[in-house]
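> test case, fold it:
(chains A and B)
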Amino acid sequence: MNEIDNLGVSLLADIAGAQDEAALEQVRIAALGKAGSISALLKTLGAMTPDERKEKGPLINGLRDRVQGALSARKDALGEAALETRLASERIDISLPVQDGPEARGRIHPISQVIDEITAIFGDMGFAIAEGPDVETDDLNFTKLNFPVGHPAREMHDTFFFHPDANGERKVLRTHTSPVQVRTMIAQEPPIRVVCPGRTYRMDSDQTHTPMFHQVEGLVIDKKAHMGHMKWVLEEFCKAFFEIDNVKMRFRPSFFPFTEPSVEVDIQCSRKGGEIRFGEGDDWLEILGCGMVHPNVLRNCGLDPEIYQGFAWGMGIDRIAMLKYGMPDLRPFFEADVRWLAHYGFRPLDLPTLTGGLSS
Amino acid sequence: MKFTLSWLKDHLDTDASIDTIADTLTRVGLEVEGVEDKAKALQAFTIAYVIDAKQHPNADRLRVCMVDTGSGEPVQVVCGAPNARTGMKSVFSPPGTYIPGKDITLGKGVIRGVESNGMLCSAAELQLSEDHDGIIDLPEDAPVGQPYATYAGLSDAVIEIAVTPNRADALGVAGIARDLAAADIGTLKTPSVGPQRGGFPCPVKVRLDFAQDDRKLCPAFALRLVRGVKNGPSPDWLQARLRAIGLRPINALVDITNFMTFDRSRPLHVFDAAKVNGDLTVRRARAGETILALDGKTYALTDEQVVIADAHGVESLAGIMGGEASGCDESTTDVLVESALWDPLNIARSGRALGINSDARYRFERGVDPDFCRPGLDLATALILELCGGEASEMVFEGDLPESAGSIDFPWSEVKRLTGLDLPQAEMKLALTSLGFHVSGAGERVRVAAPSWRGDVGGKADLVEEILRIAGLDRVTSTPLPRIKGEVIKPVLTVLQKRTRAAKRLLASRGLVEAVTWSFISHDAAKLFGGGSRQLTLANPIAADLSDMRPSLLPGLIRAGQVNADRGFGDVALFEVGQVFKDDTPDGQLIAAAGLRRGSARLEGTGRHWDGAAKTVDAFDAKADVMGLLAGLGVAVGGLQIVAGGPAWAHPGRSATLQFGPKGIIGAFGEVHPKVLKALDVKGPLVAFEIHLDALPLPKYKPTKVKPKLTLSGFQPVMRDFAFIVEKSVAAGDMMKTAQNADRALITEVGVFDLYEGPGVDAGKKSVALAVTLQPLEKTLTEAEIEAVGAKIVAEMAKRYGAALRG
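As a prediction, this is how the structure comes out:
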């Protein structure tokens, strides 16, 4: 054992024993500082003979390299340990709850959602969306639509009326969205393809009727549109809307003042445990009314029924929403109960498209 | 409209099953609402004999009966009916039977300690009548063990159909049979009606007392006397039919009129001739006249109603209901039978005004077959002679039958034009003729005359419908509707439609929940929000608080917020996008978007949270909503002015009006005025906004979709902070604009990063700290250049607001 080896053993022990960076620095200064033990040895090299230097030089330099390496390794280890200690002390209770963000709380009303679904389907078929006023004239709501004088719908117990104006004319709250069809036919040359969603009003109030409700009507006018086309449009709509591959529909002769022939459409369904499913079962559920636009209505709108023809249909938006999404009662639609809206409403970005699917 | 299968078979020779008949009815437009087969539903209920009925040992009101059910050992039944007694015959149901009147399935039971193995039933429990006073009491000869339904003649299936308002002819079994025969379900065999020859002149004269232009109220009136009748209960077959369709048999004469109503859709009226004084006059009622009608109620009449009167006054409400005073009962020996035509509109209005829904009104307001006016009276006469005996007089007939409508020029091709369905001419012709239409001519174009009972048919399209419903709508082939142009669909939504849709999604994504509230609100609420004009007030609201078209979405939302709060959910954020009404014209209807935040329902979250105290909503939450909405809609807000102070609904010091110039008001936001809260009976804190989407500036049309060139600076932005002491009344928004204007090219952003009032700042003043960002474009700014901009800001602030830099 010589002096150099002894110093090495002693220094490496000091390095291993240093418990923090300050203590390690003390060891470094004591070894490699200006007055350090290794520095002192290095200084002796200058006074040595070449032979001595040849012998001692590698030993001393070797010692310096070993000590420097040990210092560096020890420093890394101490740094690692210090970081671990800090991280441990920085621990938070990650189980604490965050607030429900706006995207979790916001909701779209089922009526808006279903209108968007209808728009997506009919938009793809080339239909425009037409709208009209809720406060309508008697002429557009009834007369132009071939409602005879004295028809029960024209009476106060069925229809909401406003007070008569100076000319004795009283406006009504539209009882259906059909006046929008009339407005469209008067304003636009055929070919016409529109759907008209909107609010409608009737004096009615029970589990499935409210004095205000929503309807969507469609209208096709050109020189060729016939009932076969109507059937196709309605079948395609029902398949797309209810998101089923097959739909069996039953077309029954019926009566409406503004169509001739008039048809009511039932859709095949099963009812199990209060749940209605389409595309299966052997029950029928009435879903919409339709027909060929009555020649009188065409004439009333300035279209010659010998040249132009077409079909129209109408259905309750609230009703098809209830059928698709299973709300048992219509009245809560308009009560703005946030619990109902949170449950039956849709998330802000549940935007119905045909490419992505109407519902998620 | 209800009828029984056997009744139908009076008119139709058919072997078709009840299911086939029902399906066919629906297929031809007579929608079946229900088929009730009582024999099937009640097969478990049998006739039983009560061998012995003893007092229940533990209950005063119960009896313990030993019942012979006709199948072996007597059965012990505990019965609570007061009429249960030894030796009676009644109706028994064993355990396991479904009891329709109670909606239960019977089980074995022990009632007050005594075993009971079935039930003796009341008519109500079988859903045969309302009678639940006691168990059914059957005659002695009722056969024990037989199904009760068979014994009681209930085995005739009852069919109920919904008849559309155009099909008055289908309100009689004969008309229904005609449709079925046309649909090839059997052969029509309705007996024809021969004229009745009277043996003597009718002693009662009839006068139609109408002004010339009122004659349509009663175009024709036929009357006949039958004397020497015996009016007792009608025969069993007639009673059974009436009962089966839910009518109460009264006496033969009345039952005959009811039968005619449902058999031929021909309502009639019978007067007891002994109670009629002098001749009959048909006229408008006189104001003040009253009548005690057959329903036992007295009706006050006006000259809007038509009546049949004798020398003493009103005897009958024309076409709606007869009078009690001249009604027929068992003592009637001479009867006057009336068959008339009435004006459908007048009948509908009179019925509605008087609140009477009778089977006669139902038919007359839809229009009965005018040509059956006389035969109807003859057929009724024949029935009276058959069931009650007597001798008929000659018929008195006043007025005229309306002329039949002309024929319709009909090209057969019309069917294909409207339906796409190519049918053989022969089939189309057969459909029409079997429905009673008269087809004349041959070839591609014919003339078609509608039968007298089809007053609803007036044109080609009606004939297409007749042919189609007999041919079957299922034969119309689904045909793809070709696109107008075969190309990818062009956008169809208008700017307003797109904004309406987007506004809903934007507001929902801000955590607001979409409500759909009534379009009509209370008059007082409408007035609070600038509405309530007479032209937007309903003459007949369904409820007093739903009387006025809403001028704003806010009253509905505010009320909805409170309703939720009352249920324990006070921190609600609601919005609605929908119509509001300025006046009653189409242009007076606008689309508004409104939002409401209540309690602590802020964007970040609601209620208390470990991360901070529950802060209640303030005007800035509403401001953030509306500004976020405008930004999301892509509205250019460069020219938008936010003017302090809002409309009447808002707190004057905590609200603002949003406008593009004084005439371009788009809406407002702020805290809801305490007076409005009080008037609507709601509690705050409540903040809200409302804008009109129609009022927003339209996006500029651009011929290209290319966005403007983007120029990015290569130099670092520089930020400088300034804290100014100003009067409290100075608006920070104005200070921001002033700072911005100090160098519009260089200053890209101005923010307010601190606001302070309190120690260190004089009373009445505040410190507003602005962060100003300068973005050099061409070179790095020197300190001197930055200083120059800063000095200009400070000078402008001092000049405009007396602002001093905070020391």
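> helices along the stretch 101-250 of chain A, start to end?
Assigned by DSSP state H, counting those that start in this stretch, the stretch 101-250 of chain A shows helices spanning A:102-105, A:110-124, A:138-141, A:178-187, A:227-242.
> what packs against the second one?
Just to be clear, that refers to helix A:110-124. Counting contacts by 3 or more C-beta pairs under 8 Å, 6 or more residues apart in numbering or on different chains; DSSP states H and E, helix A:110-124 packs against strand A:128-129, strand A:192-201, strand A:212-222, helix A:227-242, helix A:317-325, helix B:495-509. (Glycine included, C-beta is placed from N, CA and C.)
> one more pass at 7 Å, please.
The elements that helix A:110-124 packs onto, with contact taken as 3 or more C-beta pairs under 7 Å, 6 or more residues apart in numbering or on different chains; DSSP states H and E, are strand A:192-201, strand A:212-222, helix A:227-242, helix A:317-325.
> distance from the chain centre to it, please.
13 Å (C-alpha atoms, centre = their mean, to the nearest Å).
> one step back: and chain B, which of the helices and strands packed on helix A:110-124 is closest to it?
Distance to chain B, taken as C-beta to the nearest C-beta, is lowest for helix A:227-242 among the helices and strands packed on helix A:110-124, at 3.4 Å.
> output the contacting helices and strands for the closest one.
Using 3+ C-beta pairs under 7 Å, 6+ apart as the contact test, the elements touching helix A:227-242 are helix A:110-124, strand A:249-256, strand A:283-293, strand A:309-316, helix A:317-325, helix B:413-419.
> rerun that using 6 Å as the cut-off
Judged by 3 or more C-beta pairs under 6 Å, 6 or more residues apart in numbering or on different chains; DSSP states H and E, helix A:227-242 is in contact with no other helix or strand.
> what angle sits between that helix and strand A:212-222?
Calculated by axes from the mean of the first three to the mean of the last three C-alpha atoms, to 10 degrees, helix A:227-242 forms an angle of 140 degrees with strand A:212-222.
> in three-state terms, label the closest residue to residue A:211 other than its chain neighbours for me.
The spatial neighbour of residue A:211 that comes closest, neighbours along the chain excluded (C-beta to C-beta, 6 or more residues apart in numbering or on different chains), is residue B:542 at 4.6 Å. Going by DSSP: H, G, I helix; E, B strand; the rest coil, the secondary structure assigned to residue B:542 is coil.
> and the helices of the stretch 101-250 of chain A: which comes nearest residue B:668?
Of all the helices of the stretch 101-250 of chain A, helix A:102-105 sits nearest to residue B:668, with 22.5 Å by C-beta to C-beta.
> buried stuff in that closest one?
Of all the residues in helix A:102-105, those buried under the rule 16 or more other C-beta atoms under 10 Å in any protein chain shown are A:102, A:105.
> alpha carbons of it, as PDB, please.
What follows is helix A:102-105, C-alpha atoms only, in PDB (Å, rounded to 0.1, in the frame of the first residue of the first chain):
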ATOM      1  CA  PRO A 102     -70.200  23.200 -20.000                       C
ATOM      2  CA  GLU A 103     -70.100  20.500 -22.600                       C
ATOM      3  CA  ALA A 104     -71.300  17.900 -20.000                       C
ATOM      4  CA  ARG A 105     -74.100  20.100 -18.800                       C
END
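> next, see if it gets close to chain B.
Yes - with C-beta under 6 Å from any C-beta of the partner chain as the criterion, chain B is reached by helix A:102-105 at A:102-103, A:105.
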